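[1] quick one, structure for this:
(one chain, ligands or ions: 1)
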Amino acid sequence: MNAIGVDVGGTKIAAAVVGPDGRILDEVRYPTPHSPRKLVENIARAVAEVGDDHEAGGVCLAVPGLILARENRVVFSPNLHAIEGIALMDEIEPKIGLPLTIENDGNAAAWGEFRFGVGSEADHLVFVALGTGVGGGVVSHGVLMRGAQGSGGELGHVTIHATGPRCACGNHGCLEALASGTAIGRRARELAVENPDSALGHLAASRQILGEDVTELARNGDELALSVLEETGTWLGVGLAGFVNIFNPEVVAVGGGVLEAGELILASARREVHLRARPPSRDLAEVKVATLGPKSGVLGAAALARDGSSGEYLLGG
Ligand SMILES: [Zn+2]
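    Purely as a prediction, here's the structure:
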């Protein structure tokens, strides 16, 4: 039986009908409105449109922020406040006529990589997505780790530097505050001020430096830009080393837009994991680039709608 996965992001809603083998049969995108009523409307419209020509047995929404799974509600979403508090199941199910569940977007993406991506051969996977923020999820013994309320697996908000920069969540020194695209931009802007004659300094004089600017300069061999990515990878590795010690995964998958920088970030992350994590976990864990890219959310959500988070095979077939 096919299922529909919906990835609700800060700027767009992506919905896809996915077959049992992970093949996307159809997909649509809608903009993300930032009013609760229009948000519900667009999610329902995306599901209706994508499901029009395909039979599907259920829908899972991958949503940004902390969720209460039993209530199908997002309680805190710094990048999409409009979704906070909506009774998503009650509001959307009657409009689409299909059973609906919700999952945190990082958890859904982790499940996507576990089922269909870089972790498909593993039973134990840690997934981290570096974007504007840092999302993540953990699969242990083939089961998605959700915690007592469904809000577990928030790897981006683990504190790795007690007096570090402030995070979007209000805490200081979270992995997100040190290894996200936002953190790269901030670090680069600080260095630009200290080094006005550098390439970063010249760029900062004309406009705000973004994470992708740093990657481009680093690819061209700019030392200062390379140091920004190296430091970012180091902090990432500090976080990953902790996850390796806790979860003893076979695969540590790193995805998200920031991974455009690839080895410029991952090399220092791997080095740090090797220095800090303990054997035998350290020697087993492979730090790899996630393979599904931006599709991990819809694929994971569809697989969760179809099979549940521990292979219960909710929809059969
Ligand atoms: Zn945080």
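[2] can you map out the helices along this structure?
    36-50, 88-96, 105-116, 175-179, 181-194, 199-206, 211-219, 223-247, 263-276, 281-284, 296-307 (DSSP state H).
[3] show me what from the protein comes close to the ion.
    H157, C167, C169, N171, C174, E176 (Cβ under 5 Å from the ion). (C-beta placed from N, C-alpha, C; glycine too.)
[4] wait, isn't L304 in contact with T101?
    Yes - with contact defined as Cβ atoms under 8 Å, L304 reaches T101; the gap is 6.9 Å.
[5] how near is the closest residue to A205 other than its chain neighbours to the ion?
    Closest residue to A205 apart from its sequence neighbours, by Cβ to Cβ, 6 or more residues apart in numbering: P196 at 7.5 Å. Here P196 is placed at a distance of 31 Å from the ion (Cβ to the ion, to the nearest Å).
[6] just put the helices of the chain in a markdown table and tack on mean neighbour count.
    Output for the helices of the chain, formatted as a markdown table (neighbours: other Cβ atoms under 10 Å):
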| stretch | mean neighbour count |
| --- | --- |
| helix 36-50 | 19 |
| helix 88-96 | 17 |
| helix 105-116 | 29 |
| helix 175-179 | 28 |
| helix 181-194 | 20 |
| helix 199-206 | 16 |
| helix 211-219 | 21 |
| helix 223-247 | 21 |
| helix 263-276 | 19 |
| helix 281-284 | 15 |
| helix 296-307 | 29 |
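[7] residues near P78, how many?
    Per other Cβ atoms under 10 Å, the neighbour tally for P78 reads 15.
[8] look up how far P20 lies from G57.
    10 Å (Cβ to Cβ, to the nearest Å).
[9] okay, and the common contacts of the two?
    M1, N2, R306 (Cβ atoms under 8 Å, 6 or more residues apart in numbering).
[10] pLDDT check: weakest of those residues?
    pLDDT is lowest at M1 among these; the value there is 90.
[11] rewinding a little: looking at the residues of the chain next to the ion, spot the one nearest D53.
    When the residues of the chain next to the ion are ranked by distance to D53 (Cβ to Cβ), E176 comes first, at 39.2 Å.
[12] low pLDDT regions in the stretch 201-317 of the chain?
    Within the stretch 201-317 of the chain, the ranges that satisfy pLDDT under 70 run 310-317.
[13] and the strands in the stretch 1-150 of the chain?
    Ranges of strands in the stretch 1-150 of the chain, per DSSP state E, counting those that start in this stretch, are 3-8, 12-18, 24-31, 59-63, 66-68, 73-76, 100-104, 125-130, 134-140, 143-144.
[14] could you dump the ones you listed to a markdown table with mean pLDDT, distance to M89 and mean neighbour count?
    Output for these, formatted as a markdown table (pLDDT from 0 to 100; distance: least, Cβ to Cβ, whole Å; neighbours: other Cβ atoms under 10 Å):
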| stretch | mean pLDDT | distance to M89 | mean neighbour count |
| --- | --- | --- | --- |
| strand 3-8 | 97 | 13 | 30 |
| strand 12-18 | 97 | 16 | 23 |
| strand 24-31 | 97 | 20 | 16 |
| strand 59-63 | 97 | 9 | 28 |
| strand 66-68 | 91 | 12 | 20 |
| strand 73-76 | 92 | 9 | 18 |
| strand 100-104 | 95 | 5 | 25 |
| strand 125-130 | 98 | 25 | 30 |
| strand 134-140 | 97 | 21 | 27 |
| strand 143-144 | 96 | 19 | 20 |
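[15] turn those strands into TSV, columns for distance to E113.
    Listed next are those as TSV, based on distance: least, Cβ to Cβ, whole Å:
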stretch	distance to E113
strand 3-8	13
strand 12-18	14
strand 24-31	15
strand 59-63	13
strand 66-68	19
strand 73-76	22
strand 100-104	14
strand 125-130	5
strand 134-140	9
strand 143-144	11
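[16] for V228, find the nearest of those strands.
    V228 sits nearest to strand 125-130 of all the strands of the stretch 1-150 of the chain, at 13.5 Å, using Cβ to Cβ.
[17] quick one: strands adjacent to that closest one?
    In the sheet, strand 125-130 lines up against strand 134-140 (antiparallel), strand 251-255 (parallel) (DSSP bridges).
[18] want to throw those into JSON lines with distance to H202?
    Formatted as JSON lines, the strands paired with strand 125-130 follow (distance: least, Cβ to Cβ, whole Å):
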{"stretch": "strand 134-140", "distance to H202": "29"}
{"stretch": "strand 251-255", "distance to H202": "31"}
